[in-house]
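Asker: Next input, structure requested:
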Amino acid sequence: MSPLSYNEPIIMRLIASRIQVLLDHAYDLLEKLDLPPWQEYKEAASAAFHDVRVATVSSCKFGHLTFRPVFILLGIILHCLAVVLQIILENSIYHGWRALKEFYFQMQMATIWFIRYQKSLSPSAIYAEVAVLAAVTTLWLLRRHVKKHRYYERTMAWYQVRKQKVLKRYNHFVDQVGKTSTFLALLLPHLLYFTFAAIIKRLLPWLVTYLATKTPLNAFIQYFHPLYCTFLIIGKSTQHLRTYKVVEADGNDKKTASKTTPSNVKRQQKQKAELEEIRKEVVDILKYWVVYAIIIATVRTGKLLPFVGHMFTVVGDNVAKGKRRQGMLSKLRFSSKFVEEISLVFFTWLRFMPSSVTGQEKSSLKGKGNSPIEIIYKKMSSFVKSAMSSSASLTNKAAGSHLGNGSMLSWCIGKLDFPLSILVLGRAISQETKQKVITTVTELSDLIPAAITLFVPGCSSYGVIYVSLVAPAFLSIKSCDEINKKSSNVDTMESKVNDASRFLRFWMIHALVTWVLDSFAPILAWVPFSTHAIWLLWAFLQLETTTRRIYGWFESEVEKPLDQTQTMQSVKRVIAALPSSVDSQKDSSSNEAQVEKSKKED
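Answerer: As a prediction, the model looks like this:
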């Protein structure tokens, strides 16, 4: 008997004991898990299924009650939409069918008419039609061919290359002329412009005459386009100032924020760049208005002079043709056609001629002021300054020697300061009113030389020219000189731009008032002391408060709807006050009824 067979019962008993231990542990685990009986588990599951079913039914009932009105409303809307779509579809089909029948009938009639018309044509007319059709087809095929082979792009590339070569030669020629004479180099673009204008006048005189006399191009260039630019610049500067004030107020509220943060530095740089652009635009348009005012003042003053006035008086073309039978002075008078042509050429040069033909500024010519506005402005501004200083010095001398070395303005302000201070202490006026009085006297001090003309018979018209054109031009020149002084301080530049915008507003008001006065000039010529009233009107418009108030009213009128403007309401009141035909018919009918009633009583 082998040892393995001898140990088999022992091994089996050992395995059986281990299995018994595992079973005991399993029974203990099941007792600890406390598994419910099958009957109890079955009853709990059936109760859970019942609760879920009841909850589902109640939820569905609640959703049905809640969303039933919405579903009913959607059903009504969809029903109405279906009805509308059905009506549209039926009408579309009906009208579409009628339209197709009408189109077929029209096409049939047009085809019959076309065939009959073609049969009625002569052979030459038919050949002409065929030629036109062939030309149109050829042009279309040529366009496709050009577009396919990119001939247009090649032509533009060739043009750019030739343009660069010509500009390079022109720049070289300007450099050579600049080495000889800087004045000739500066004068060269203007000589080219006037040479081109003379060639056009020589070759196409009818075109220049037509553009100058038969179209509003002249008035647009010298008057309406600058007014439009002025209006845009005023709006741009006003918007910039408002934005700057809002940002500055926000910065003052946030005192804990650092002023040297990158966002603040970037914002200041952007603001400074915008302000510099606005400053250049304000200076350019102010310079134009100065030049325009001096030209108009010169022409109007020349017309008032005894002997020179003949040259500034424009005559008609019929009168200009008969100059040979007139005197020497009459022959110097210009025709209206000639004046219009000269004005068109001159103001086109003044407004649109660039400082450089190539669009580049030569380093050797920088700072020379080569634009037409700069050239004429420099000459005229020095003349206006000298004239205003001479008139001021003559006024101070005429005031008497008791003023000493001081000016008449300081003497007047010194005399006004004490009584105004007494009125302020007595609370008759406020300190603000006193300051307004002093500011008004200061602003009107430049008009003292013109005030003398009011007391000289026949010279008040010169005073009107002085007040309406010369004095505002002088103040605009002073504003341009002040704003051209570059400053790193943004607040200072903002103040200068704001002061300069006052004169832009004045020139807008000046254009409107001038148009009104010119329209009523024949009537005002018969009114006594009308020039004195016009002088006072222009003096009143010179004040800064008046200018800003009137332009503010004008801006509010532009921004409002047309029916809500004061102008339209005033027109409606005037129209309502006029007698109408309905009222006259009512009056006549009432009168007839009274007559018939009186006849019946008789």
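Asker: Spatially central residue in this protein, please.
Answerer: The residue lying closest to the centre of the chain (Cα atoms, centre = their mean) is L232, at 4.1 Å.
Asker: Can I take it that that one is in a strand?
Answerer: No. Counting by DSSP: H, G, I helix; E, B strand; the rest coil, L232 is not part of a strand but helix.
Asker: residues near Y551, how many?
Answerer: For Y551, the count of nearby residues is 19 (other Cβ atoms under 10 Å). (Glycine included, C-beta is placed from N, CA and C.)
Asker: Which helix or strand contains it?
Answerer: Using DSSP states H and E, Y551 sits in helix 544-559.
Asker: Report all helices and strands that that helix contacts.
Answerer: Judged by 3 or more Cβ pairs under 8 Å, 6 or more residues apart in numbering; DSSP states H and E, helix 544-559 is in contact with helix 431-443, helix 490-519, helix 530-542, helix 566-577.
Asker: got the buried residues for the longest one?
Answerer: Neighbour counts using 16 or more other Cβ atoms under 10 Å place 493-494, 496-497, 500-508, 510-511, 513, 517 of helix 490-519 among the buried residues.
Asker: model confidence over whichever strand or helix holds W113, on average?
Answerer: Per DSSP H and E, W113 falls inside helix 38-120. Average pLDDT, helix 38-120: 85.
Asker: helices or strands up against that helix?
Answerer: Secondary elements touching helix 38-120 (3+ Cβ pairs under 8 Å, 6+ apart): none.
Asker: Name the helix or strand of the chain that has the lowest mean pLDDT.
Answerer: helix 317-321 (a mean of 50; mean pLDDT, DSSP states H and E).
Asker: Surely V467 is in contact with A450?
Answerer: Yes. V467 is within contact range of A450, at 4.9 Å (criterion: Cβ atoms under 8 Å).
Asker: Can you tell me how far M493 is from K485?
Answerer: Per Cβ to Cβ, to the nearest Å, M493 is found 10 Å from K485.
Asker: what domains does the record give for the protein?
Answerer: Here the domain assignment for the chain is 41-120, 216-250+269-304+353-357+368-559, based on automatic domain parsing.
Asker: Can you name the residues that contact P216?
Answerer: F224 (Cβ atoms under 8 Å, 6 or more residues apart in numbering).
Asker: What confidence value was assigned to it?
Answerer: With respect to pLDDT, P216 has a value of 88.
Asker: what about the stretch 401-550 of the chain, any weak spots by pLDDT?
Answerer: Applying pLDDT under 70 to the stretch 401-550 of the chain flags the ranges 401-415, 418, 443, 488.
Asker: typo on my end, it should be the stretch 101-250 of the chain
Answerer: The stretch 101-250 of the chain contains residues with pLDDT under 70 at 178, 181, 244-250.
Asker: now the helices for it?
Answerer: Taking DSSP state H, counting those that start in this stretch as the criterion, the stretch 101-250 of the chain carries its helices at 123-149, 151-180, 182-203, 205-213, 217-219, 225-253.
Asker: Identify whichever of the ones you listed lies nearest to S17.
Answerer: Minimum separation from S17 across the helices of the stretch 101-250 of the chain (Cβ to Cβ) falls at helix 225-253, 90.4 Å.
Asker: got the angle for the helix or strand following that closest one vs helix 490-519?
Answerer: Moving toward the C-terminus from helix 225-253, the next helix or strand (DSSP H and E) is helix 262-304. Counting by axes from the mean of the first three to the mean of the last three Cα atoms, to 10 degrees, helix 262-304 lies at 30 degrees to helix 490-519.
Asker: Which strands or helices does helix 262-304 pack on?
Answerer: If you count contacts as 3+ Cβ pairs under 8 Å, 6+ apart, helix 262-304 packs onto helix 225-253, helix 309-312, helix 336-352, helix 372-398, helix 460-465, helix 471-483, helix 490-519.
Asker: Would you format those helices as JSON lines with distance to V132 included?
Answerer: Output for the helices and strands packed on helix 262-304, formatted as JSON lines (distance: least, Cβ to Cβ, whole Å):
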{"stretch": "helix 225-253", "distance to V132": "42"}
{"stretch": "helix 309-312", "distance to V132": "56"}
{"stretch": "helix 336-352", "distance to V132": "39"}
{"stretch": "helix 372-398", "distance to V132": "49"}
{"stretch": "helix 460-465", "distance to V132": "62"}
{"stretch": "helix 471-483", "distance to V132": "60"}
{"stretch": "helix 490-519", "distance to V132": "51"}
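Asker: Out of those, which is closest to I285?
Answerer: helix 225-253 (5.5 Å).
Asker: one step back: please name whichever of the helices and strands packed on helix 262-304 is nearest to E432.
Answerer: helix 490-519 (19.0 Å).
Asker: And whatever helix or strand comes next after that closest one, how far out from the chain middle?
Answerer: Proceeding N to C from helix 490-519, the next assigned helix or strand is helix 521-524, under DSSP H and E. Distance of helix 521-524 from the chain centroid (Cα atoms, centre = their mean, to the nearest Å) equals 34 Å.
Asker: what's in contact with helix 521-524?
Answerer: In contact with helix 521-524 (Cβ under 8 Å, 6+ apart) are residues L517, S530, I534.
Asker: can we see that at 7 Å?
Answerer: S530 (Cβ atoms under 7 Å, 6 or more residues apart in numbering).
Asker: So which bits of that helix are buried?
Answerer: Across helix 521-524, burial judged by 16+ other Cβ under 10 Å covers no residue at all.
Asker: okay, the angle between the helix holding W113 and helix 123-149?
Answerer: Going by the same axes, to 10 degrees, helix 38-120 is angled at 140 degrees with respect to helix 123-149.
Asker: To what extent is the residue lying closest to K201 once chain neighbours are set aside buried, counted in neighbours?
Answerer: Distances taken as Cβ to Cβ, 6 or more residues apart in numbering put V208 closest to K201, at 5.1 Å, once the chain neighbours are dropped. Neighbour count of V208, defined by other Cβ under 10 Å: 19.
Asker: before we move on, what about G302?
Answerer: Neighbours around G302, by other Cβ under 10 Å: 14.
Asker: S468 versus that one, what's the distance?
Answerer: G302 is 16 Å from S468, by Cβ to Cβ.
Asker: circling back: contacting residues around the helix holding Y551?
Answerer: Among residues not part of helix 544-559, those counted as contacts by Cβ under 7 Å, 6+ apart are E443, R502, R505, F506, M508, I509, F540, L541, T565, Q566, T567.
Asker: check contacts around the third one.
Answerer: So that's R505. Going by Cβ under 7 Å, 6+ apart, R505 touches I234, T547, R548, Y551.
Asker: do you know how far the residue nearest to K201 is from R202?
Answerer: Note on V208: its distance to R202, by Cβ to Cβ, is 10 Å.
Asker: Then V513?
Answerer: As judged by Cβ to Cβ, V513 and R202 stand 41 Å apart.
Asker: Could you do S120 as well?
Answerer: Here S120 is placed at a distance of 49 Å from R202 (Cβ to Cβ).
Asker: Ok, E557 next?
Answerer: From E557 across to R202, the span is 48 Å (Cβ to Cβ).
Asker: Neighbour count: the two, which is higher?
Answerer: E557 (14 against 9).
Asker: Could you check the pLDDT of that one?
Answerer: Per-residue confidence (pLDDT) for E557: 78.
Asker: Need the per-residue pLDDT for Q360.
Answerer: 49.
Asker: Cool, thanks, signing off.
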